[in-house]
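Trainee: okay, predicted coordinates and the sequence, questions at the end:
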Amino acid sequence: MFNLSLEILRNLHEEHATMLALLERLEKLLAAHGPEDPPDTGDADTAALLEELATTLGEDVTYHYAFEETHLFPRFGQAFDPGIPEMLCQEHELIRPLAERLVAAAAAKESGFDTPGWSQFHAAGRELVEREVFHIQKEEMGLLPGLDRILEPSDDAPLLTAYGEIKSA
């Protein structure tokens, strides 16, 4: 792994790591329960996963994506290749509706999944895991190291403030 010199980049890296761990847990749940075999949402581990999924995934596609698109992708595109941030934005647009469906369906922890609802959740979950893991890998291997090369220490505090403002809006 690389060393990130700015706190904002370390924070984004940590958010990526948190999301990857969550996606791994989701993938295990999906593997344990096929599309026609809804899990028991009364199970503490399943309920906790659904709660964390709703919160973390919702925040990721709202705040994390908005911050990258507004504050980081333009800088990266100017310094390197504008096609890379354009591709990452397109991926955000594909991932957002999947995440929104999963966040909404995660409310099933209260009433449980019926078979059709679980089948839809299962399909969206598998697609989301595939897309989001690949997306994070691209950001970890290209975006963050590239930003670490072009951002100055004086950029850290304003970027941290901007991210905080996006999260509190």
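Mentor: Sure, I can see it.
Trainee: how about residue 34, secondary structure?
Mentor: Secondary structure state of residue 34, per DSSP: H, G, I helix; E, B strand; the rest coil, is coil.
Trainee: count the neighbours of it for me.
Mentor: Residue 34 is surrounded by 11 other residues when neighbours are defined as other Cβ atoms under 10 Å. From N, CA and C alone the C-beta is placed, and that goes for glycine too.
Trainee: residue 70 now?
Mentor: Neighbour count for residue 70, taken as other Cβ under 10 Å: 12.
Trainee: ok, it - contacts?
Mentor: Residue 70 makes contacts with 162, 166, as judged by Cβ atoms under 8 Å, 6 or more residues apart in numbering.
Trainee: test my guess that residue 138 contacts residue 88.
Mentor: Yes: counting by Cβ atoms under 8 Å, a contact exists between residue 138 and residue 88, whose distance comes to 6.8 Å.
Trainee: quick one, strands of this structure?
Mentor: Counting by DSSP state E, the chain has no strands to list.
Trainee: out of the helices and strands in it, which is least certain?
Mentor: With mean pLDDT, DSSP states H and E as the measure, the helix or strand of the chain carrying the lowest mean pLDDT is helix 108-111 (a mean of 76).
Trainee: that one: how far from the chain's middle?
Mentor: Relative to the centre of its chain, helix 108-111 is centred 23 Å away, using Cα atoms, centre = their mean, to the nearest Å.
Trainee: ok, now stretch 116-126?
Mentor: In this view, stretch 116-126 has its centroid 18 Å away from the chain centroid, taken as Cα atoms, centre = their mean.
Trainee: packing partners for the least confident helix or strand of the chain?
Mentor: Packing contacts for helix 108-111, counted by 3 or more Cβ pairs under 8 Å, 6 or more residues apart in numbering; DSSP states H and E, involve helix 44-52, helix 115-138.
Trainee: got the CA coordinates for the first one in CSV?
Mentor: Extracted as CSV, the C-alpha positions of helix 44-52 are listed here (Å, rounded to 0.1, in the frame of the first residue of the first chain):
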residue,chain,number,x,y,z
ALA,A,44,-28.9,-10.1,15.2
ASP,A,45,-26.1,-10.3,12.7
THR,A,46,-28.4,-9.9,9.7
ALA,A,47,-30.3,-7.0,11.3
ALA,A,48,-27.0,-5.3,12.2
LEU,A,49,-25.7,-5.8,8.6
LEU,A,50,-28.9,-4.3,7.1
GLU,A,51,-28.7,-1.3,9.5
GLU,A,52,-25.1,-0.7,8.7
